[in-house]
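Participant: Sequence first, predicted model second:
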Amino acid sequence: MFAVIGIVVVFGAVIGGFLMEKGHIAVLMQPAELLMLGGAAIGTLLVANPVHILKGIANGLTAVLKGSSLDKVRYLDTLKMMYQFLNKVRKEGLLSVEMDVEKPTESSIFKNYPAFLNDHHSLYFVCDTLRMAITGGVDPFDMDQMMELDMEVHHHGATEPVDALTTVADALPGLGIVAAVLGVVITMGSLGGPPEEIGEKVASALVGTFLGILLCYGVAGPLSSNMSKTADDHDSYLHVLRVLLLSFLKGSAPMIAIEIGRRAIPAHVRPTFDEMEKYCKKQAAAVEIAAAA
């Protein structure tokens, strides 16, 4: 949402300043320049990237426009979910959660947290780790190495669309110059004509350069930066799950493991210990009451 507001502010400030200087908005309406610039930018994106990165860009832009879902409530829900899960393991053993891990969409615990279920990579990150723990014979150090490797691969995949969009943003000023040069070529062919016609063609050519620079520094560049931060946020989320699971696999009690996970949460969305404890214990009590009924 804030990304949309930011883009509106960028265009509003630029166009507003142009109008304050007695500029005519119609001069900026140059469909041919926009077609050359936009078409060339999309073309370079298609030439330089395979389909999975193009899909990643589309998904990343959608996530940016929607805003981050990794807020304090999401982290509290995750801690609460893992507290329930680890308590079940501690009371009934690892084999008691085998079906939860194999069929997470049917799990009595996971299905209460749709946001986590819809985050497929986080879901598989947890389930694959616990599957290895259930299988047995894997040292916690090796388990940590596997989780770290998984995070590295995921983060690399998440940053590829960012790099692709950044490349296009860097190319936009150059493509704007291409559009401007073509406009100058057309202008040169009109020399000797009415001054008004020549002036109109020069203005059209300069609009190409203007659009290239504006779209680079006002739209594409900031969007790629936001996508990069979104990828980092999700990496931080996986890191919380990693340290939490590792702590439990090393023998820590569920609440201790949850507290270690809480300490790994980024400061701006980290709940306090009291908030976490009340949230987890309240839910655990509700689950026990429901089970007794």
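Facilitator: Cool, the structure landed. Residues are numbered from 1 along each chain as shown.

Participant: Unless I'm misreading it, Asn112 sits right up against Lys80, doesn't it?
Facilitator: No. Here Asn112 does not reach Lys80: they are 9.3 Å apart, not a contact under C-beta atoms under 8 Å. Yep, even glycine has a C-beta here, placed from its N, CA and C like the rest.

Participant: Give me the buried positions along stretch 191-201.
Facilitator: Buried positions in stretch 191-201, judged by neighbour count with 16 or more other C-beta atoms under 10 Å: Lys201.

Participant: Neighbours of the closest residue to Gly176 other than its chain neighbours, how many?
Facilitator: Once flanking residues are discounted, Gly176 sits nearest to Gly212: 1.8 Å by C-beta to C-beta, 6 or more residues apart in numbering. The local packing of Gly212 (other C-beta atoms under 10 Å) involves 25 other residues.

Participant: can you tell me the average pLDDT over the helix ranked longest in the chain?
Facilitator: In the chain, assigned by DSSP state H, the helix with the most residues is helix 140-188. In this model, helix 140-188 has a mean pLDDT of 90.

Participant: Which neighbouring elements make contact with it?
Facilitator: Helix 140-188 is packed against helix 31-48, helix 51-66, helix 120-135, helix 195-215, helix 221-249, with contacts defined by 3 or more C-beta pairs under 8 Å, 6 or more residues apart in numbering; DSSP states H and E.

Participant: what residues are up against Met255?
Facilitator: Met255 makes contacts with Tyr83, Glu277, Cys280, as judged by C-beta atoms under 8 Å, 6 or more residues apart in numbering.

Participant: Which element, helix or strand, includes the first one?
Facilitator: I take that to be Tyr83. Taking DSSP states H and E as the definition, Tyr83 sits inside helix 72-92.

Participant: That helix: which residues count as buried?
Facilitator: Buried, per 16+ other C-beta under 10 Å, within helix 72-92: 74-89.

Participant: quick one: Tyr83 and Ile258 touch, right?
Facilitator: Yes. Counting by C-beta under 8 Å, Tyr83 touches Ile258, with 5.1 Å between them.
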